[in-house]
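Asker: Here is my input, please return the structure:
(chains A, B, C and D)
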There are 2 protein chains.
Amino acid sequence: MRSSQVTIKDLAKQLGISPSTVSRALKDHPDISEETKKAVKELAQQLKYQPNAVALSLKHSRSHTIGVIIPEIVHYFFSQVISGIEDVAYDAGFTVIICQSNEMFDREVSNAKALLSHRVDGILVSISKETSDFEHLRNVEDGNIPMVFFDRVCPEIEADAVIIDDYQAAYDATQHLIEQGCKRIAHFAGPLNLIIGRKRKEGFIQALKDYNIPVYEDLIVEADSFETGHQTVKQLFKGPDRPDSLFAVNDLTAIGAIQAIHELGLKIPDDVAVTGFSDGRFSNIVNPKLTSVDQHGYEMGKTATEILLKRIMEDQREYTPETRVLKGNLIVRNSSVKKS
Amino acid sequence: MRSSQVTIKDLAKQLGISPSTVSRALKDHPDISEETKKAVKELAQQLKYQPNAVALSLKHSRSHTIGVIIPEIVHYFFSQVISGIEDVAYDAGFTVIICQSNEMFDREVSNAKALLSHRVDGILVSISKETSDFEHLRNVEDGNIPMVFFDRVCPEIEADAVIIDDYQAAYDATQHLIEQGCKRIAHFAGPLNLIIGRKRKEGFIQALKDYNIPVYEDLIVEADSFETGHQTVKQLFKGPDRPDSLFAVNDLTAIGAIQAIHELGLKIPDDVAVTGFSDGRFSNIVNPKLTSVDQHGYEMGKTATEILLKRIMEDQREYTPETRVLKGNLIVRNSSVKKS
DNA sequence: AACGAATTCGCAAACGTTTGCGGTGAAAGT
DNA sequence: ACTTTCACCGCAAACGTTTGCGAATTCGTT
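Answerer: Numbers count the residues shown, from 1 in each chain, chains lettered A, B, ... in the order given. Purely as a prediction, here's the structure:
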């Protein structure tokens, strides 16, 4: 026998009244006498009655549940986003179902299916690195369930989104390196099929142009993990023409690079200045402390969920999607500040 | 109008047949002719029919969903556990609902309530630092829904559990310090209401005793965060009688301590040898690299979920709870190896 | 021609809950 | 003594799906 959980029927039977009366008594309906209300509530408490959320979902076509599709929660940034999501969802009485795509397209597709099947009231999504086909998300749209993108948005679908100003933040980080006197700045870029990858690269290039610094295409390399950051440094920084600085697309890449730079016998920041992106838990812990961009993960999760809940509540088919842009603050630490 | 998702009724109406027939056609019931099967399946595909998991849950009293109550996913260890959980749940066709207690008792209680209300088929839980009353978990027991503890188990409830051998791992870490010639070893302990906190402390003390090293009670301090680790070092390591080494209850504490030790002008490992616990993403990244205990988070999540699913499937009221003990491997790195 | 067997499908109940509507009994008004 | 007005409660349908059972049609057999 599966879950012997108490139902309204059980209460009704024990009290010799109908389920409808029990239901009304529990919600203080005026049609019910104080006497029965008291009896019902007491028994409910005693038997630890918990309303069956599944039945309620079915009845109301409202699951009070939101789904999250996220690349990988092991990343500090994403786990912070989740905390933001959970906090506002929790306060609104919503449950959260989290699905990791693990950066795989197929997994993302079946995540979307599962969430649709579970009839979640809304979906928050940050697409995987692999994703370039968006059919599965269009199904969400067609199913008429609200969807809000965060961080990694989808270019082809009109929906609400919360992002940071990747272009500006990358520009700021690059500008900072230039102001430190750097001339040959390398960029370890993210996947360029993701908008964040492109925007950060664009901000980087624009800053160079604005300061009349030549853009060396061979100093721009796709590398966005600890390992690739490490490897790429080994190749790119060994010659005499080596870069004097590096802007990495995220912190872990920067840290992989830093280790490799040390292994090459170079000093940070004097030989090579480094800035990362995301301001994870690491930035303050590595040596030297890493200059980085605060991506405001918690706040991003919060506002994304607020927008989603608003959409769920207003419940209209037509609306003009809103894109909220958070500012990414450059946090300057030792890894990039040359002693002049 | 909320979610305009396609139902079996819609299919039935469009084909002029009954919902029962559609249902059977979709699952290849032999009673249905090939002709109608084909028609039904085609229309289902075309209209992108997704079975309503909510209705199925209600019908079968099986939600194919498991709940997770976890302290904080921002910790590398816990997010790894979750990955393990999700992977095996996913393969078994289960959905995962994750609830963070944020180390707060009240939150944990309402998490448990929410999961019960959602009629999850089973629950995985790692209790919060604050939790010392277990009524909410007893309700899960009474509701007859399977529960498996991981890492932070509950002493008062008989249930399956997956842990690592905290005692032995702590013993190993301490022994390692002793073998490096350390005599005055400090221990930054975790909360002692948690079993893991107690076990690690016990292992620490036993190792000292086995090697005839005096146990200085004032070198054992509760400190289990970056900040407290930092602060405690500043107090404990300033005198002439300072410890020559430190065994911290987790990596973040160790890293806070390391920074403080550096700030005091002391060298690691020669002045102070340090070992952490958990082997997070940091251990390999900080300078010097941190000796730590691999807690096998991913594997812990996997086996906990495997046990849980087994319980769900076998569906018996009576069973003898099983405690799976994983071995915690000490990984020796630079922070603790004295150049002899 | 008649009958049993097979094939193919629909009816209805059930999962737990909500809710509009109608029903009962008693008290109050005429 | 009649209707009216309450206060209080139950019936039944519905949400989407499954499933035992019975019904209808067709076919093969004697």
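Asker: Give me the phi and psi angles of whichever residue of the stretch 51-200 of chain A sits closest to DNA strand D.
Answerer: Closest to DNA strand D within the stretch 51-200 of chain A is A:Lys59: 3.6 Å, counting by CB to the nearest atom of the strand. (C-beta placed from N, C-alpha, C; glycine too.) Here is the backbone geometry of A:Lys59 (degrees, to the nearest 10): phi -60, psi -50.
Asker: The stretch 151-300 of chain A: strands as residue ranges?
Answerer: For the stretch 151-300 of chain A, applying DSSP state E, counting those that start in this stretch gives strands covering A:160-164, A:185-189, A:220-222, A:245-248, A:273-275, A:292-294.
Asker: Which among those is found nearest to DNA strand C?
Answerer: Nearest of the strands of the stretch 151-300 of chain A (CB to the nearest atom of the strand): strand A:160-164, 28.7 Å.
Asker: Other residues contacting the closest one?
Answerer: A:146-151, A:153, A:196, A:293, A:295-296, A:300, A:303-304, A:307-308, A:311, A:321-328 (CB atoms under 8 Å, 6 or more residues apart in numbering or on different chains).
Asker: Kindly report the same for stretch A:241-248.
Answerer: Here stretch A:241-248 makes contact (CB under 8 Å, 6+ apart) with A:170, A:173-174, A:177, A:180, A:182-188, A:204, A:219, A:223, A:229, A:233, A:236-237, A:254, A:257, A:271-277, A:336.
Asker: rerun that using 6 Å as the cut-off
Answerer: Residues outside stretch A:241-248 that contact it (CB atoms under 6 Å, 6 or more residues apart in numbering or on different chains) are A:173-174, A:177, A:182, A:184-188, A:204, A:219, A:254, A:257, A:272-276.
Asker: got the buried residues for it?
Answerer: With burial defined by 16 or more other CB atoms under 10 Å in any protein chain shown, the residues of stretch A:241-248 counted as buried are A:Arg242, A:Pro243, A:Asp244, A:Ser245, A:Leu246, A:Phe247, A:Ala248.
Asker: ok, the longest helix along chain A near chain B or not?
Answerer: Across chain A, the longest stretch assigned as helix under DSSP state H is helix A:297-314. No - counting by CB under 6 Å from any CB of the partner chain, chain B is not contacted by helix A:297-314; separation bottoms out at 9.0 Å.
Asker: next helix or strand past that helix?
Answerer: The helix or strand immediately downstream of helix A:297-314 is strand A:323-326, counting by DSSP states H and E.
Asker: Please tell me how far A:Pro243 sits from B:Phe149.
Answerer: 51 Å (CB to CB, to the nearest Å).
Asker: Equivalent analysis for A:Thr65, please.
Answerer: 25 Å.
Asker: Report pLDDT for the closest residue to chain B within the stretch 151-300 of chain A.
Answerer: In the stretch 151-300 of chain A, the residue that lies nearest chain B is A:Asn287 (4.2 Å; CB to the nearest CB). Predicted confidence (pLDDT) at A:Asn287: the value is 87.
Asker: Skipping adjacent residues, who's closest to it in space?
Answerer: B:Asn287 (4.2 Å; CB to CB, 6 or more residues apart in numbering or on different chains).
Asker: just to revisit the earlier point, save the strands of the stretch 151-300 of chain A as a markdown table, and put in mean pLDDT and distance to B:Gln100 too.
Answerer: Listed next are the strands of the stretch 151-300 of chain A as a markdown table, based on pLDDT from 0 to 100; distance: least, CB to CB, whole Å:
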| stretch | mean pLDDT | distance to B:Gln100 |
| --- | --- | --- |
| strand A:160-164 | 97 | 20 |
| strand A:185-189 | 98 | 32 |
| strand A:220-222 | 97 | 34 |
| strand A:245-248 | 98 | 30 |
| strand A:273-275 | 97 | 31 |
| strand A:292-294 | 97 | 22 |
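Asker: Deepest-packed of those, please.
Answerer: strand A:245-248 (a mean of 30; mean count of other CB atoms under 10 Å in any protein chain shown).
Asker: which ones are touching A:Arg149?
Answerer: Careful, residue A:149 is Phe and not Arg. A:Val125, A:Ala161 are the contacts of A:Phe149 under CB under 6 Å, 6+ apart.
Asker: Is my assumption valid that A:Val68 occupies a position in a helix?
Answerer: No - judged by DSSP: H, G, I helix; E, B strand; the rest coil, A:Val68 forms no part of a helix; its state is strand.
Asker: bridging residues for it?
Answerer: A:Ile98, A:Leu124 (DSSP bridges).
Asker: neighbours of it, just the number please.
Answerer: 30 (other CB atoms under 10 Å in any protein chain shown).
Asker: what's the nearest residue to A:Gly143 if we skip its chain neighbours?
Answerer: Nearest non-adjacent residue to A:Gly143, counting by CB to CB, 6+ apart: B:Gln5, 5.2 Å away.
Asker: okay, that neighbour: pLDDT?
Answerer: On the pLDDT scale, B:Gln5 gets 90.
Asker: now swap in A:Gly239 and tell me
Answerer: As predicted, A:Gly239 sits at a pLDDT of 85.
Asker: Tell me how far it lies from DNA strand D.
Answerer: 63 Å (CB to the nearest atom of the strand, to the nearest Å).
Asker: what does the stretch 51-200 of chain A have sitting close to DNA strand C?
Answerer: Proximity of the stretch 51-200 of chain A to DNA strand C, by CB under 7 Å from any atom of the strand, involves residues A:Pro51, A:Asn52, A:Ala55, A:Leu56, A:Leu58, A:Lys59, A:His60.
Asker: ok, so of those residues, who is nearest B:Arg119?
Answerer: Nearest to B:Arg119 among those, counting by CB to CB, is A:Asn52 at 6.2 Å.
Asker: I'd like to know how many residues surround that closest one.
Answerer: Neighbour tally, A:Asn52, other CB under 10 Å: 22.
Asker: ok, the buried residues of stretch A:241-248 vs DNA strand D, which is closest?
Answerer: A:Ala248 (47.7 Å).
Asker: what bridges to that closest one?
Answerer: A:Phe188.
Asker: how many neighbours does A:His29 have?
Answerer: The burial count for A:His29: 12, using other CB under 10 Å.
Asker: Kindly report the same for A:Glu86.
Answerer: If we define neighbours as other CB under 10 Å, then A:Glu86 has 24 of them.
Asker: cool, and A:Gln180?
Answerer: Neighbours of A:Gln180 (other CB under 10 Å): 19.
Asker: Now do the contacts for it.
Answerer: With the criterion set at CB under 6 Å, 6+ apart, A:Gln180 makes contact with A:Ala273, A:Lys338.
Asker: Quickly find the element holding the spatially closest residue to A:Gly297 that is not a sequence neighbour.
Answerer: Among residues not flanking A:Gly297 along the chain, A:Gln80 sits closest, at 3.2 Å (CB to CB, 6+ apart). Assessed by DSSP H and E, A:Gln80 sits inside helix A:76-91.
Asker: Go through that helix and flag the buried ones.
Answerer: Of the residues in helix A:76-91, A:76-90 count as buried by neighbour count, 16+ other CB under 10 Å.
Asker: In terms of secondary structure, what does that helix contact?
Answerer: Contact analysis of helix A:76-91 by 3 or more CB pairs under 6 Å, 6 or more residues apart in numbering or on different chains; DSSP states H and E lists helix A:297-314 as its packing neighbours.
Asker: could you dump the helix or strand bottoming out on mean pLDDT in chain A to CSV, C-alpha only?
Answerer: One helix or strand of chain A scores below all others by mean pLDDT, DSSP states H and E: helix A:135-142, with a mean of 93. What follows is helix A:135-142, C-alpha atoms only, in CSV (Å, rounded to 0.1, in the frame of the first residue of the first chain):
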residue,chain,number,x,y,z
GLU,A,135,11.8,24.1,-31.2
HIS,A,136,11.4,22.8,-27.7
LEU,A,137,11.1,26.3,-26.3
ARG,A,138,8.6,27.3,-29.0
ASN,A,139,6.4,24.5,-27.7
VAL,A,140,6.4,26.2,-24.4
GLU,A,141,5.3,29.4,-26.1
ASP,A,142,2.6,27.6,-28.0
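Asker: and that helix, which residues are buried?
Answerer: With burial defined by 16+ other CB under 10 Å, the residues of helix A:135-142 counted as buried are A:His136, A:Leu137, A:Asn139, A:Val140.
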